[in-house]
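1. the sequence and its predicted three-dimensional model are supplied below.
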Amino acid sequence: MRRVIEPQMKLGEQAIADIKLDPKSRDDIPQILRGLQHIYTTPELREPIFTILEEVLPERQIEGKTIKADPNNGRPGMTQWQILVLGVLRLGLNADYDRIHELANEHKTLRKMLGHSDWADDKYYNLQTLKDNLRLFTPEILDRLNRVVVQAGHKVLKKNWKMAP
């Protein structure tokens, strides 16, 4: 069973919009997370992004045919939001799977962005799970997501230019 994001928050989980990111940090991780937070909190941007993310499903070979997994059946996997967050971090940091593995399991703010609470959440990401799921975040998917984000940026830029004297 795959979902873009879990609709029901768990006890102790913080809403993505309420996650405090250090605005003075010069590190690249908070800046990437701030961009993802903006995507999540802007409905006109979030909806097309989530529509694309619904296609991020594992595939398998059955009798020589490639078939995507049914999102309504099977065991729960990583949500597509988690795949997006970790995939963007992997590409944005030019990081290998070992670094993403360490960040996903130990970075407090990143874990909040992934939908985990500060306490009583012992979710551990295995390295092979990350490899299998982040492999679904293909360059084609990233290109489509980039196009949506860039178009939204152009709309904002046009609005700001019209307001300038």
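-> Right, received. Where do you want to start?
2. C-alpha from now on. contacts and neighbour counts both.
-> OK.
3. longest helix of this structure, counting residues only.
-> In the chain, with assignment by DSSP state H, the single longest helix is helix 139-163.
4. same for that helix, what does it pack against?
-> helix 43-53 (3 or more CA pairs under 8 Å, 6 or more residues apart in numbering; DSSP states H and E).
5. doesn't Gln128 make contact with His101?
-> No: in this structure His101 lies outside contact range of Gln128 using CA atoms under 8 Å: 9.3 Å.
6. okay, these two: which has more neighbours?
-> Neighbour count, other CA atoms under 10 Å: between His101 and Gln128, His101 has more, with 21 against 11.
7. who are the contact partners of the more buried one?
-> Contacts for His101 (CA atoms under 8 Å, 6 or more residues apart in numbering) come out as Tyr125, Asn126, Leu127, Leu130.
8. which outside residues touch the longest helix of the chain?
-> Contacts of helix 139-163 (CA under 8 Å, 6+ apart): Leu45, Pro48, Ile49, Ile52, Leu53.
9. pLDDT below threshold where in the chain?
-> 1-4, 6-8, 60, 69-76, 159-165 (pLDDT under 70).
10. which residues in it form strands?
-> Listed in chain order, the strands of the chain (DSSP state E) span 59-62, 65-68.
11. redo these as TSV? Include distance to Arg90 and mean neighbour count.
-> As requested, the strands of the chain are exported to TSV (distance: least, CA to CA, whole Å; neighbours: other CA atoms under 10 Å):
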stretch	distance to Arg90	mean neighbour count
strand 59-62	22	10
strand 65-68	24	11
